[in-house]
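Novice: Okay, predicted coordinates and the sequence, questions at the end:
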Amino acid sequence: MLYDYHLHSEFSDDSHTPMEAQIERGIALGLDEMCFTDHVDYGIKKDWTDAGEIGWRGGDGIGTPKSSLEPLTNVHYPEYFAKLYRMKCTYGDKIAIKNGLEFGIQVHTIPQYEKLLQDYGDQLDFVLCSIHQVEDKEFWTGDFMKGRTQDEYNERYYQEMLDVVKAFKGYDVLAHVDLIARYDPAGPIAFEKIQGILTEIFKIVIADGKGIELNTSSVRYGLKDSQPAEEVLRQVGLGERMDNFPAQLSGGEQQRVSIARALAKNPKLLLCDEPTGALDYNTGKQILKLLQDTCRETGRTVAVVTHNSAFCEIADRVIRVRSGKAESVEINEHPASAETLEW
């Protein structure tokens, strides 16, 4: 199945493409599902309902011409969600359409995003977390880099990202992790200089059950590497699979992707029906360890339905079912590690 969960439309200042055109293009490409994630950038842009005059500026020269005047505003939320509803009514029999937003977050703007989620969270299927600016200074204009060395502005950028993922949990996927490389006048920074802080960031993102985006716009921007760069992907064990389609993954890898997708929405309850049924012994143990670690590290409830009674050893609670009714409930005071399980 093919998905695109990072799409902009006429509701973002870096796009003039109507939703209809994006959807029809997606259908022509054979996509099964697409999610619009238009921009919200508090600290730089106003909401349409804010008091005072709206500012205007030229486009970025890629998504929109530099000569065009674009309003410095976030998505017009009522109009945005209303149009998404109309698009679902028009195209819903051909492609699944989801409601999303891309949050360009800074630490000092987190309260505004939390308020936005209070107001519109029930209409959202998906949220991208991006660092588009720091100290209310943008990268694509070069304002953030002025007066700093390459080491200084990269260190400040990744520190802001670390502080954001520590404090803000209302997102699903961390987008284009090394976005600053797209606009770095000095070229890509040596990976060794950012490896330590990236490790900290990824540990938090993974522990929170969030996703990490592989952004393909590097092709459009003429970059020599992906975003995140291949070295960054290798940091989380994905480097070898960056060019693979789902059908090219092993059963265990596909199962891990399925679990990761389920975790991306940060569910309180994860239901797994025979998660090792089609896997070999070693791969099955890896999946069980992943599920057990998810339960232990994130506090989620993981419910596994299985005919394999050996799994009872690693469960906190065992519910035996017969003819559709719970026959017994047992508490396991000392569950074993999935790594030690034998069957």
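Specialist: Cool, the structure landed.

Novice: mind checking how far residue 162 is from residue 101?
Specialist: Distance from residue 162 to residue 101, counting by Cβ to Cβ, to the nearest Å: 22 Å. C-beta: built from backbone N, CA, C; applies to glycine.

Novice: who's more crowded, the two?
Specialist: Higher neighbour count among residue 162 and residue 101: residue 101, with 29 against 17, using other Cβ atoms under 10 Å.

Novice: would you say the more buried one is within a strand?
Specialist: Yes. With DSSP: H, G, I helix; E, B strand; the rest coil as the criterion, residue 101 is located in a strand.

Novice: you'd agree it is up against residue 128?
Specialist: Yes. Contact criterion Cβ atoms under 8 Å: residue 101 and residue 128 qualify, at 7.4 Å.

Novice: Mind listing the shared neighbours of these two?
Specialist: residue 37 (Cβ atoms under 8 Å, 6 or more residues apart in numbering).

Novice: Buried residues, the host helix or strand of residue 116. List them.
Specialist: If you go by DSSP states H and E, residue 116 is part of helix 110-120. The neighbour-count check on helix 110-120 (16 or more other Cβ atoms under 10 Å) flags 110, 112-113, 116-117, 120 as buried.

Novice: ditto for stretch 164-174
Specialist: Buried residues in stretch 164-174, defined by neighbour count with 16+ other Cβ under 10 Å: 164-165, 168, 170-174.

Novice: quick check, nearest of these to residue 2?
Specialist: Comparing those against residue 2 with Cβ to Cβ picks out residue 173 as the nearest, at 16.8 Å.

Novice: Look up how far residue 174 lies from the nearest residue to the closest one once chain neighbours are set aside.
Specialist: Of all residues not flanking residue 173 in the chain, residue 211 sits nearest, at 3.8 Å (Cβ to Cβ, 6 or more residues apart in numbering). Using Cβ to Cβ, residue 211 is found at 7 Å from residue 174.

Novice: Overlap in contacts, those two.
Specialist: Listed as contacting both residue 211 and residue 174 by Cβ under 8 Å, 6+ apart are residue 205.

Novice: picking up where we left off before, in CSV, list the buried residues of helix 110-120 along with distance to residue 53.
Specialist: Formatted as CSV, these follow (distance: Cβ to Cβ, whole Å):
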residue, distance to residue 53
110, 26
112, 19
113, 24
116, 22
117, 27
120, 24
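
Novice: Dump those to TSV, plus pLDDT and distance to residue 192.
Specialist: Below are the buried residues of helix 110-120 laid out as TSV (pLDDT from 0 to 100; distance: Cβ to Cβ, whole Å):
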residue	pLDDT	distance to residue 192
110	98	31
112	97	36
113	97	33
116	97	37
117	97	37
120	97	41
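
Novice: Which one of those residues is nearest to residue 91?
Specialist: Taking the buried residues of helix 110-120 together and measuring to residue 91 by Cβ to Cβ, the closest member is residue 120, at 22.1 Å.

Novice: pLDDT weak spots in the stretch 51-200 of the chain?
Specialist: Regions of the stretch 51-200 of the chain meeting the criterion pLDDT under 70 cover residues 59-67.

Novice: what ranges do the helices span in it?
Specialist: In the stretch 51-200 of the chain, the helices defined using DSSP state H, counting those that start in this stretch lie at 77-91, 110-120, 150-167, 191-207.

Novice: can I get those in JSON lines with distance to residue 326?
Specialist: Shown next, in JSON lines, are the helices of the stretch 51-200 of the chain (distance: least, Cβ to Cβ, whole Å):
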{"stretch": "helix 77-91", "distance to residue 326": "39"}
{"stretch": "helix 110-120", "distance to residue 326": "37"}
{"stretch": "helix 150-167", "distance to residue 326": "40"}
{"stretch": "helix 191-207", "distance to residue 326": "32"}
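
Novice: Deepest-packed of the ones you listed, please.
Specialist: When these are scored by mean count of other Cβ atoms under 10 Å, the highest mean neighbour count falls to helix 150-167 (a mean of 18).

Novice: who does that one touch, helix- and strand-wise?
Specialist: strand 133-134, helix 191-207 (3 or more Cβ pairs under 8 Å, 6 or more residues apart in numbering; DSSP states H and E).

Novice: Using JSON lines, lay out these together with distance to residue 303.
Specialist: Formatted as JSON lines, those follow (distance: least, Cβ to Cβ, whole Å):
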{"stretch": "strand 133-134", "distance to residue 303": "41"}
{"stretch": "helix 191-207", "distance to residue 303": "21"}
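
Novice: per-domain residue ranges of this structure.
Specialist: Annotated domains of the chain cover 3-241, 267-340 [automatic domain parsing].

Novice: Return the helix holding residue 116 as PDB; C-alpha atoms alone will do.
Specialist: The C-alpha trace of helix 110-120 is given here as PDB (Å, rounded to 0.1, in the frame of the first residue of the first chain):
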ATOM      1  CA  ILE A 110       4.200  25.100  22.700                       C
ATOM      2  CA  PRO A 111       1.200  26.600  24.700                       C
ATOM      3  CA  GLN A 112      -0.300  27.900  21.400                       C
ATOM      4  CA  TYR A 113      -0.100  24.400  19.900                       C
ATOM      5  CA  GLU A 114      -1.600  22.900  23.000                       C
ATOM      6  CA  LYS A 115      -4.500  25.400  22.700                       C
ATOM      7  CA  LEU A 116      -4.900  24.500  19.000                       C
ATOM      8  CA  LEU A 117      -5.100  20.800  19.900                       C
ATOM      9  CA  GLN A 118      -7.800  21.600  22.500                       C
ATOM     10  CA  ASP A 119      -9.800  23.500  19.800                       C
ATOM     11  CA  TYR A 120      -9.300  21.200  16.800                       C
END
